[in-house]
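1. fold the following for me, if possible:
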Amino acid sequence: MNLKGEPAFVGRHCGSNTYRVTPELVRFYADALDDPSPRYSEIAPSLLFHSECYKVLGEWYLANLFGNLHARQDWELFQPILIGASVRTRSTIVERYAKRGRDYVVNETDLVDAADGRLLVRGRTHQSFLPKRAPDGAGFVVDERTARQKQTPAPFPTATGAELTPLKKVVDARRCWMFSGPGRNYHTDVEEARKLGFPNIVVQGMMSTCFASQLMHDAFGAGWTSGGKMSLKLTNVLWVDENVTARGRVLEEVPEGTCKRIHCQLWIEKDDGTRIAVGDASAVG
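-> Numbers count the residues shown, from 1 in each chain. As a prediction, the model looks like this:
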């Protein structure tokens, strides 16, 4: 029951879909993300359905879209997604809060095997919204100058362990369209971006989490796809045609049953050193 007279209330079911995991779908993802893992002949990328929560915007987004931003993304990986399998999604609002003059809504999306109900992947998306639309002519919510003024609080990383092999990525308009299209929106089209208060195409924040997932998958393989965890704060805007590098460093290793859990600190930075995402991830070793 909606007790607050608005659609985005905690507990609201926001939709469910069923998909077949085809080789074509996997190849499209691998091309869009430049993620050519040889393991994708048998299993799908863990974040293959990275943007499932955004297929039901009307169910959980607040009314004012002007200046809305993806603020944080959490992922938990429980089992590999097998090619040829049928999978089912379920999306639910699990939290709302206010912070630094913005309203936040948290959408939890589960991906399960449609045949036996096994939980495969769980994502939690923290989306932030301005309380009211900025007046016309007030300028951009964020532009290149103001974005550069935001800096990740030091010190980070504090980890002193082994460095993960860095991943360099070029984020051009074609990659934006493959990841966030095919429709026109502020992740694929300049004019749509300007309608929402941004001077250029804003690269979808979920893409950064996919880069981080590839970094961990390359480093830990099955220890990532079965038991991996990640929490990334999206700290700055990535614009189309900017280059980034995903980096990580081992923080510590702790026992977990008969195995160990390898905790890492991750960050993604532009060529000028601006960090667009920072956070933690871990895999089973």
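2. and Gly11, which of the three is it?
-> coil (DSSP: H, G, I helix; E, B strand; the rest coil).
3. just the pLDDT for it.
-> Listed pLDDT for Gly11 reads 95.
4. how much space between the residue lying closest to it once chain neighbours are set aside and Trp60?
-> Take Gly11 and drop its neighbours on the chain: the residue closest to it by Cβ to Cβ, 6 or more residues apart in numbering is Ile93, 6.6 Å away. (C-beta placed from N, C-alpha, C; glycine too.) As defined by Cβ to Cβ, to the nearest Å, Ile93 lies at a distance of 5 Å from Trp60.
5. the more surrounded of those two?
-> Legend: neighbour count by other Cβ atoms under 10 Å for Ile93 and Trp60, higher for Trp60 (24 against 19).
6. residue contacts, the more buried one?
-> By Cβ atoms under 8 Å, 6 or more residues apart in numbering, the contact list for Trp60 reads 7-8, 12, 14, 53, 91, 93, 105, 107, 127.
7. derive a ChimeraX selection command for the buried subset of those.
-> This is how ChimeraX selects the buried members of the contacts of Trp60, with burial counted by 16 or more other Cβ atoms under 10 Å:
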select :8,12,14,53,91,93,105,107,127
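8. SS state for Arg247?
-> Assignment for Arg247 (three-state DSSP): strand.
9. so what's the residue nearest to it when sequence neighbours are not counted up against?
-> Distance criterion Cβ to Cβ, 6+ apart; nearest residue to Arg247, sequence neighbours excluded, is Pro166 at 5.1 Å. Pro166 makes contact with 215, 245-247, according to Cβ under 8 Å, 6+ apart.
10. could you do Phe129 as well?
-> By Cβ under 8 Å, 6+ apart, the contact list for Phe129 reads 61-62, 64-65, 67-68, 102-105.
11. as TSV, the residues you listed with secondary structure would be great.
-> Shown next, in TSV, are the contacts of Phe129 (three-state DSSP):
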residue	secondary structure
Tyr61	coil
Leu62	coil
Asn64	coil
Leu65	coil
Gly67	coil
Asn68	coil
Arg102	strand
Asp103	strand
Tyr104	strand
Val105	strand
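12. give me the number of residues near Cys259?
-> Cys259, neighbours per other Cβ under 10 Å, totals 11.
13. how close does it get to Asn17?
-> From Cys259 over to Asn17 (counting by Cβ to Cβ), the distance is 33 Å.
14. where does the spatially most central residue of the chain sit: helix, strand or coil?
-> The centroid of the chain falls nearest to Met206 when counting by Cα atoms, centre = their mean (2.8 Å). Per three-state DSSP, the local secondary structure of Met206 is helix.
15. and the one 5 residues further on, by the same measure?
-> Following three-state DSSP, the label given to Phe211 is helix.
16. surely it and Val244 touch.
-> Yes - contact criterion Cβ atoms under 8 Å: Phe211 and Val244 qualify, at 7.1 Å.
17. which non-adjacent residue is nearest Tyr186?
-> Closest residue to Tyr186 apart from its sequence neighbours, by Cβ to Cβ, 6+ apart: Ala193 at 4.1 Å.
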